[in-house]
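Engineer: Just to be clear, the model below is a prediction. Sequence and coordinates:
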Amino acid sequence: MKILARQLTLDLYNCDTNRLGGFEEIKDTLKGVMGNEPSLCSEMIDEGHYSIIGAFIAGHIALHIYKELRYVAVDIFTCADSEEPEALSAAISKFFRPDKIKSTFLKRGDFGLEREIKPKIKVRVAPLRRVKNAGAKVVKKLGIRN
């Protein structure tokens with residue numbers, strides 16, 4: 001079954017502290033892999049956390065960089081078959097030099113079997129409701145025996 005898009009998420013742990021500070025260096029690295037196509041914007045969220053978001057024709061990329069934690073969260077979304085998120089993730093990993101990488105690959109828009117698409121509903125009964133139900137069952141049982 002053909003999927004509409006692919007999403008690759010990366011968690012980069014214990015990154016090189018020298019690489020976590022410069023917006024321009026990171027932007028240059030992204031543009032080196034992707035060309036000049038993405039329009040990148042960066043925003044300082046607070047002193048130790050900033051984000052870089054880039055939109056391009058066939059998807060987007062988002063990086064959240066936490067300087068004190070030496071952690072970078074990356075989302076790469078692409079909806080073109082010709083795009084390879086793995087090449088971009090390799091360049092990002094090479095730039096930040098993390099000790100540990102956790103990656104997750106998602107197929108977006110996979111319209112497989114209908115039972116897989118249908119949402120799963122979880123019902124949670126509150127403890128007080130369970131007590132009332134148990135009491136009612138006991139009374140009913142005692143009433144039947146007499």
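Structural biologist: Perfect, I can see it now.

Engineer: ok, residue 41 - contacts?
Structural biologist: By CB atoms under 8 Å, 6 or more residues apart in numbering, the residues touching residue 41 are 52-54. Every residue, glycine included, has its C-beta placed from N, CA and C.

Engineer: Among these, which ones are in strands?
Structural biologist: With DSSP state E as the criterion, strands contain 52-54 from among the contacts of residue 41.

Engineer: Now flag whichever of those residues is closest to residue 62.
Structural biologist: Nearest to residue 62 among the ones in strands among the contacts of residue 41 is residue 53, at 4.9 Å by CB to CB.

Engineer: Pull the contacting residues for the residue nearest to the closest one when sequence neighbours are not counted.
Structural biologist: Excluding the flanking residues, the one nearest residue 53 by CB to CB, 6 or more residues apart in numbering is residue 62, at 4.9 Å. Contact partners of residue 62, counting by CB under 8 Å, 6+ apart, are 51-54, 74-75.

Engineer: which residue ranges form the helices in the chain?
Structural biologist: Secondary structure of the chain (DSSP state H): helices located at 23-34, 85-96, 114-117, 127-145.

Engineer: I'd assumed residue 79 was in contact with residue 5.
Structural biologist: Yes. Counting by CB atoms under 8 Å, residue 5 does reach residue 79; the two are 3.9 Å apart.

Engineer: any common contacting residues for those two?
Structural biologist: Shared contacts of residue 5 and residue 79 (CB under 8 Å, 6+ apart): 59, 108.

Engineer: Quick one: low-confidence residue ranges for this structure.
Structural biologist: Where the chain drops to pLDDT under 70, the residues are 1-3, 35-38, 81-83, 110-133, 144-146.

Engineer: try 50
Structural biologist: Along the chain, the parts satisfying pLDDT under 50 run over 146.

Engineer: List the buried residues in stretch 76-93.
Structural biologist: The neighbour-count check on stretch 76-93 (16 or more other CB atoms under 10 Å) flags 76-79, 83, 85, 88-89, 92-93 as buried.

Engineer: Great, nothing more from me.
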